[in-house]
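> My questions are about this predicted structure, shown below with the sequence.
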Amino acid sequence: MQQHLYKVARLEYANTVEPLSVMELHRCMGHITIASAHKLVKSGAVTGVKLDPNLQESDCDTCTFACTTHLPVPKVCISPPAQSFGDHIHTDIWGPASISTCQGHWYFVTFMDNAMCFTISYLLHTKDQALEAYKLFEVWAITQGHCKAIKVLHSDQGGKYLSDTFNVHLVAAGTACKLTVHDTPQLNGVAECLNHMLLEQIHAFVHGSSLPKSLWGKALCHAVWLKNCTATRTLDGKTPFKALYSQPPYLSGLHMWGCQVWMHDPDGSKLDVHVHKARWLGFNVDAQAHQVYWPGPGTVTVERNIYFAASALSKGVTIQDQGLQIFYTHPLYQHPPL
């Protein structure tokens, strides 16, 4: 019987390794970074690969097409910081909401001064009311003596800020319009962060009170007012209200948004109850009274004869003790919607 018909040959794998360029290894490894390709071989994490040091690196067109992202937005200030109210105003529109307010508003617009961080908001039915809202803000700022004119209006590339009528008004007023590059909301970060913060407070108010979402407009007004009364690091611990009016905000009588209140009913007969339960939605400056929500009919009214605790009724607490002093140092708690 014949044996040893086959001869086993030993392969020397070290002699068969062909040098690769780092770019070839980069492509073979699924377009990992060049540094990672170098490190794989140099650290011995893989074997059977040898890099040719004589082959130069080159650009990878595939990575250019597949991996290009937004360039980082510089965080340095490229314009002089605002020194006075009106030097630089940030604005942005939010919406549409998933549900309208009780008055049919779907959007809101905010205007925040860069120097004082003071914020004013307006509720909008449609986006094209942005110009009307800006005119109201502009007239208020000039008439109240906060500035002689708005110098710079900083907004995004939204159509509401690019309309011919808006541009004509800004040119006539001598206001420079600073627009961000399209699809780059980061460049309008101040206004974007402001609206995001206000939305978080609106969500907290509505969720914490279990009130209808259609009251988000009332929650917005209260959130803006609270924001102006809250200290900020930008102003070295001062509040925007203090920065603008040179006096601290007066918060006596402040209550939780949506809390239960009792309102006096003077129209009932002698045998009817004298109070009815409602929910508090903040202050109303024009009438120097309170805004309350009636869960039954689902309406919002302005009332003065309300109490924040049932015990106050039995103790004879006057209405002045219920926080109406707050109006006289907060003339801008709320603005009429458009």
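Structure's in. What do you need? Residues are numbered from 1 along each chain as shown.
> Next SSE downstream of whichever strand or helix holds residue 111?
In the assignment (DSSP states H and E), residue 111 maps to strand 107-113. Sequence-wise, the next helix or strand downstream of strand 107-113 (DSSP H and E) is strand 119-124.
> Between strand 107-113 and the helix or strand just after that following strand, find me the angle.
Scanning forward in sequence from strand 119-124 by DSSP H and E, the next helix or strand is helix 130-143. Relative orientation of helix 130-143 versus strand 107-113 (axes from the mean of the first three to the mean of the last three CA atoms, to 10 degrees): 30 degrees.
> Point out the other helices and strands that helix 130-143 packs with.
Under the contact criterion of 3 or more CB pairs under 8 Å, 6 or more residues apart in numbering; DSSP states H and E, helix 130-143 touches strand 89-94, strand 107-113, strand 119-124, helix 164-173. No exception for glycine: its C-beta is placed from N, CA and C like everyone else's.
> Against which helices or strands is the helix or strand following that helix packed?
Under the assignment DSSP H and E, the closest C-terminal helix or strand after helix 130-143 is strand 152-155. The contact analysis (3+ CB pairs under 8 Å, 6+ apart) places strand 152-155 against strand 89-94, strand 176-179, helix 189-209.
> Can you list the low-confidence ranges for the stretch 201-338 of the chain?
266-274, 285-287, 309-338 (pLDDT under 70).
> ok, the strand holding residue 111: who's next to it in the sheet?
Take DSSP bridges as the rule and strand 107-113 pairs in its sheet with strand 89-94 (antiparallel), strand 119-124 (antiparallel).
> can you list the domain ranges for this structure.
Domain segmentation of the chain under automatic domain parsing yields 13-66, 89-245, 260-322.
> now the ones you listed in JSON lines, with mean neighbour count and distance to residue 83?
Putting the domains of the chain into JSON lines (neighbours: other CB atoms under 10 Å; distance: least, CB to CB, whole Å) gives the following:
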{"stretch": "domain 13-66", "mean neighbour count": "12", "distance to residue 83": "44"}
{"stretch": "domain 89-245", "mean neighbour count": "18", "distance to residue 83": "6"}
{"stretch": "domain 260-322", "mean neighbour count": "14", "distance to residue 83": "29"}
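> With distance to residue 82 as extra columns, can I get the ones you listed in TSV?
Shown next, in TSV, are the domains of the chain (distance: least, CB to CB, whole Å):
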stretch	distance to residue 82
domain 13-66	40
domain 89-245	4
domain 260-322	27
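> quick one, what contacts residue 125?
For residue 125, the contact set (CB atoms under 8 Å, 6 or more residues apart in numbering) comprises 104, 105, 106, 107, 338.
> List the beta-bridge partners for the fourth one.
I take that to be residue 107. residue 124.
> does residue 235 really touch residue 117, like I thought?
Yes: if you go by CB atoms under 8 Å, residue 235 and residue 117 touch, sitting 6.0 Å apart.
> so how far is residue 135 from residue 113?
17 Å (CB to CB, to the nearest Å).
> Strands of this structure, residue ranges please.
For the chain, applying DSSP state E gives strands covering 19-20, 50-51, 89-94, 107-113, 119-124, 152-155, 176-179, 260-264, 275-284, 289-294, 299-303, 306-307.
> ok, the residue nearest to residue 170 when sequence neighbours are not counted to residue 19 distance?
In space, and not counting its chain neighbours, residue 170 is closest to residue 177: 5.2 Å by CB to CB, 6 or more residues apart in numbering. Distance from residue 177 to residue 19, counting by CB to CB: 59 Å.
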